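Visitor: sequence first, predicted coordinates after that:
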Amino acid sequence: MRIDIISVLPEMLDSFINLSIVARARKKGLVEIYVHNLRDYTEDKHRRVDDYPYGGFAGMVMQCQPIDACISKLCRERHYDEIIFTTPDGEQFDQPMANELSLKENIIILCGHYKGVDYRIREHLITREISIGDYVLTGGELAAAAITDSVVRLLPGAIGDAESALSDSFQDHLLSAPVYTRPQDYKGWKVPDILLSGNEAKIAEWEQQQSFERTKRLRPDLLEK
Ligand code: ADE
């Protein structure tokens, strides 16, 4: 898989793509991630990529030209399955969407900034608009990082235990059961006896029951799905 991220703040994404599971997946050749500085594509001599909005509204708007130049260059080099724009008014990102994106070959993520992008970019170039939640970030980089992280960890071989991605919260519209590690007794706080019983069938039953109870208590909306 290949992910191209277009940003006015590429430094914000540097540490993210060079650390942890994402970095390991890159080293293993499971994913290629490239961050493109939008300013490298502007024809403006001051390297500006934004301008005032028509209509006298507040805030600045990202201009068509540099975004079109960057996306067009990438699209001349290979086919992209999705050209994503991160924006608070997009489709709400969730686990099924992460699963779906993890099956794509090549995707572009354009990070929004300022008051947004010239709407013509959204109409003519973007294939999907994604929000990571009902709150406004100063830029789309954190959203691009969240999307990339959740997609990359699903790639076969990205995380050690293949099963653990499947047992994540949300994978089956249920929250995960609680997990524990050594010691069995910490300051009198005990690990549930059932997990120490060695009875696999009973443990699996407990896990399902816990998962269901936690979902019912904390996220009843998920059970409606
Ligand atoms: N840009 C600013 N806020 C955002 C959000 N909630 N999701 C995606 N992109 C954003």
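Guide: That came through, no problem. Numbering: from 1, shown residues only.
Visitor: now look at the longest strand anywhere in the chain and say if it contacts the ligand.
Guide: Across the chain, the longest stretch assigned as strand under DSSP state E is strand 82-92. Yes. Interface with the ligand: strand 82-92 contributes T86, T87, P88 (CB under 6 Å from any ligand atom). For the C-beta atoms, the positions are set from N, CA and C on the backbone; glycine is no exception.
Visitor: chain center to the helix or strand following that strand, what's the gap?
Guide: Note on strand 82-92: by DSSP states H and E, the next helix or strand toward the C-terminus is helix 95-101. Relative to its chain's centre, helix 95-101 lies at 9 Å (CA atoms, centre = their mean, to the nearest Å).
Visitor: flag every buried residue along helix 95-101.
Guide: For helix 95-101, burial by neighbour count (16 or more other CB atoms under 10 Å) applies to M97, A98, L101.
Visitor: look up the closest residue to the last one, ignoring the ones flanking it.
Guide: Right, L101. What sits nearest to L101 in space, not counting adjacent residues and going by CB to CB, 6 or more residues apart in numbering, is V151, at 4.8 Å.
Visitor: show the pLDDT at that neighbour.
Guide: Confidence at V151, expressed as pLDDT, is 97.
Visitor: what angle do the helix or strand hosting it and strand 82-92 make?
Guide: Element membership for V151 (DSSP H and E) is helix 141-152. For helix 141-152 against strand 82-92, the angle by axes from the mean of the first three to the mean of the last three CA atoms, to 10 degrees is 110 degrees.
Visitor: quick one: residues in contact with helix 141-152.
Guide: Around helix 141-152, the neighbours that count as contacts under CB atoms under 8 Å, 6 or more residues apart in numbering are 1, 3, 5, 7, 9, 12-13, 16-17, 21-22, 25, 30-31, 33, 84, 86, 93, 95, 98, 101-102, 109, 111, 130-132, 137, 158.
Visitor: give me the buried subset of those residues.
Guide: In the contacts of helix 141-152, the ones that pass as buried (16+ other CB under 10 Å) are 1, 3, 5, 7, 9, 12-13, 16-17, 22, 25, 31, 33, 84, 86, 93, 98, 101-102, 109, 111, 130-132, 137, 158.
Visitor: among those residues, name the ones in strands.
Guide: I3, I5, S7, I33, I84, T86, I109, C111, I130, S131.
Visitor: widest-spaced pair of those?
Guide: For those, the farthest-apart pair by CB to CB is I33 and S131; their separation is 21.2 Å.
Visitor: tally of neighbours for the residue lying closest to F57 once chain neighbours are set aside?
Guide: Nearest residue to F57 in three dimensions, chain neighbours excluded: K115, at 7.2 Å (CB to CB, 6+ apart). Per other CB atoms under 10 Å, the neighbour tally for K115 reads 14.
Visitor: burial of D172, as a residue count?
Guide: 14.
Visitor: same check on D68?
Guide: 16.
Visitor: just the element for it, please.
Guide: Going by DSSP H and E, D68 is in helix 64-77.
Visitor: give me the helices and strands touching that helix, please.
Guide: strand 2-7, strand 106-111, helix 119-124 (3 or more CB pairs under 8 Å, 6 or more residues apart in numbering; DSSP states H and E).
Visitor: closest to the ligand out of the ones you listed?
Guide: Taking CB to the nearest ligand atom, strand 106-111 is the member of the helices and strands packed on helix 64-77 nearest to the ligand, at 7.7 Å.
Visitor: the closest one pairs with which strands, parallel or anti?
Guide: strand 2-7 (parallel), strand 82-92 (parallel) (DSSP bridges).
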